[in-house]
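Student: Quick one, fold the following:
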Amino acid sequence: MPLLVVLALIVVPIVELYVIVQVGQGIGVLPTIALLIVMSLLGGYLLRREGTRTWRALRDALQAGRLPAREVADGALVILGGALLLTPGFATDAFGLLFILPPSRAVLRRLLTGVVAKRLGVAGMVGGVAADRLRRPSRPGARDPRRHDVVEGEVVEDGVADEGPPSPP
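Tutor: Prediction:
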């Protein structure tokens, strides 16, 4: 994994410089700089818009008592996409758009949750707890699976507790 990070830190800037130079040769220096600025501004706008939507969805899920796994994954993808969009360069902008736009983000979310579940060995589980056990009861009066019955009483040595003072003989 550290090798992958080092490669990314070396390869990504080289690719970005190459693409910027190629675009600059094709359309000119000033239009290339203007395009980079416009893409950064668009990235900031999309980050704000999608970040707000994701935050609202997270709050709604928590208020509804649902486990917000989807919303958390969306939030992580939006933050990563925003960081890529705010970074100058055309290649990072292309990947940033994939992470931010809802249709492609849904595909990436499924891939991400699959990879995470596989690495953690929790297929069909969320955080080590079966997902159906985390739901609230669906109808009034239904038993909550998280609640345990409590029996109140008193422990005595011979196994029988007195109900009160002994009755006279």
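Student: and the helix or strand hosting residue 22, how far from the chain's centre?
Tutor: Taking DSSP states H and E as the definition, one finds residue 22 inside helix 2-27. Offset of helix 2-27 from its chain centre (Cα atoms, centre = their mean, to the nearest Å): 28 Å.
Student: what comes up buried for it?
Tutor: Using 16 or more other Cβ atoms under 10 Å as the test for burial, helix 2-27 gives 12, 16, 19-20, 23-24. For glycine as for every other residue, the C-beta is placed from the backbone atoms N, C-alpha and C.
Student: The longest helix belonging to the chain - contacts with which helices or strands?
Tutor: Of all segments of type helix in the chain, defined using DSSP state H, the longest is helix 29-63. Other elements packing on helix 29-63 under the criterion 3 or more Cβ pairs under 8 Å, 6 or more residues apart in numbering; DSSP states H and E are helix 2-27, helix 69-86, helix 90-100.
Student: Let's have the ones you listed in CSV, adding distance to residue 115 and mean pLDDT.
Tutor: Listed next are the helices and strands packed on helix 29-63 as CSV, based on distance: least, Cβ to Cβ, whole Å; pLDDT from 0 to 100:
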stretch, distance to residue 115, mean pLDDT
helix 2-27, 14, 90
helix 69-86, 11, 88
helix 90-100, 15, 91
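Student: Figure out which of these is closest to residue 55.
Tutor: helix 69-86 (7.4 Å; Cβ to Cβ).
Student: Ramachandran coordinates for residue 89?
Tutor: Here is the backbone geometry of residue 89 (degrees, to the nearest 10): phi 140, psi 150.
Student: Retrieve the pLDDT associated with it.
Tutor: Looking at residue 89, its pLDDT stands at 89.
Student: same thing with residue 165?
Tutor: 59.
Student: Residue 53 too?
Tutor: Looking at residue 53, its pLDDT is 92.
Student: how many other residues sit next to it?
Tutor: Residues within reach of residue 53, counting by other Cβ atoms under 10 Å, total 14.
Student: again, but for the one 3 residues further on
Tutor: Applying other Cβ under 10 Å, we find 11 residues neighbouring residue 56.
Student: one step back: now do the helix holding residue 22 against helix 29-63, angle only.
Tutor: 130 degrees (axes from the mean of the first three to the mean of the last three Cα atoms, to 10 degrees).
Student: Could you list every helix and strand in contact with helix 2-27?
Tutor: If you count contacts as 3+ Cβ pairs under 8 Å, 6+ apart, helix 2-27 packs onto helix 29-63, helix 90-100.
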